[in-house]
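In: Have a look at this prediction, sequence included:
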Amino acid sequence: MKNITWTNHLIEFFTVVLGILLAFGLNTYYNNKVEEERALHFLEGVRLEIEDNANEVGEKLEYHRGIFEDLTKNPSEVVVRLRLSRVKNFAWQIAQENSISQHIPYELYSKLAEIYEAQDYLQQNNKEASTMMSHLNVLSPFYVVGVDVSEKEALEFSKDVKRGWAPIFEDFITAEQNLNELYKEALEMF
């Protein structure tokens, strides 16, 4: 019988195990790099979406400030029209579905989540204001039907109705200002 040199077998065994572990480690490293690149790709889409949304909200903010100023100064002269912000969240939804949170800094992910929550709030305000305005436009003429009202009383009614819109536009302005601040903060983090 031959003597088995256990030392050589142990060295070969540990060499094979080390090779396998090294292969797993390299594979994991490569997969993480691919995932990080995908996350950066999705993050770029979110950044572009935020820039577009910031422009949209900025335009509507200026319009709403003008309406609010007119409503507080001379409500009888104002034509109240809502211009709703059409903010998007497609890139954010896709990024979330692809687990972007695991590959970006927590602070940035948290800021992005805060932005999209604020956008949802603004969209909800938009829907409520649209509903209120449509009800007002449909119902307000019927408040005076069949009632003998002077032109002065009708004008006062119109002013009162329009004055009631001032707080709504003030809410729009506040929500849009807050959202614009969040956009700026997030864009600085990219």
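Out: Structure received.
In: got the buried residues for stretch 87-107?
Out: Of the residues in stretch 87-107, 87, 89, 91, 92, 95, 96, 100, 103, 104 count as buried by neighbour count, 16 or more other Cβ atoms under 10 Å. In short, each C-beta sits where N, CA and C put it, glycine included.
In: In the residues you listed, find the pair that's most separated.
Out: 87 and 103 (24.5 Å; Cβ to Cβ).
In: and the longest helix seen in the chain, what does it pack onto?
Out: If you go by DSSP state H, the chain has its longest helix at helix 6-73. Applying 3 or more Cβ pairs under 8 Å, 6 or more residues apart in numbering; DSSP states H and E, we find helix 6-73 packed against helix 90-97, helix 106-139, helix 166-189.
In: pLDDT-wise, which helix or strand of this protein ranks last?
Out: helix 151-163 (a mean of 67; mean pLDDT, DSSP states H and E).
In: how about residue 128, what does it touch?
Out: Residue 128 is in contact with no residue at all, counting by Cβ atoms under 8 Å, 6 or more residues apart in numbering.
In: so where is the chain shaky, pLDDT-wise?
Out: 1-4, 135-151, 153-155, 157-161, 163 (pLDDT under 70).
In: what residues are up against the most centrally placed residue in it?
Out: Compute the mean C-alpha point of the chain, and by Cα atoms, centre = their mean the closest residue is residue 116, 2.8 Å away. When contacts are counted by Cβ under 8 Å, 6+ apart, residue 116 touches 89, 92.
In: Kindly provide the distance from it to residue 93.
Out: Look at residue 116 and residue 93: by Cβ to Cβ, to the nearest Å, they are 9 Å apart.
In: got it, and residue 84?
Out: For residue 84, the distance to residue 93 - Cβ to Cβ - is 20 Å.
In: thinking again about what came up before, now, which of the buried residues of stretch 87-107 sits nearest residue 176?
Out: Looking across the buried residues of stretch 87-107 and measuring by Cβ to Cβ, the closest to residue 176 is residue 87, at 10.0 Å.
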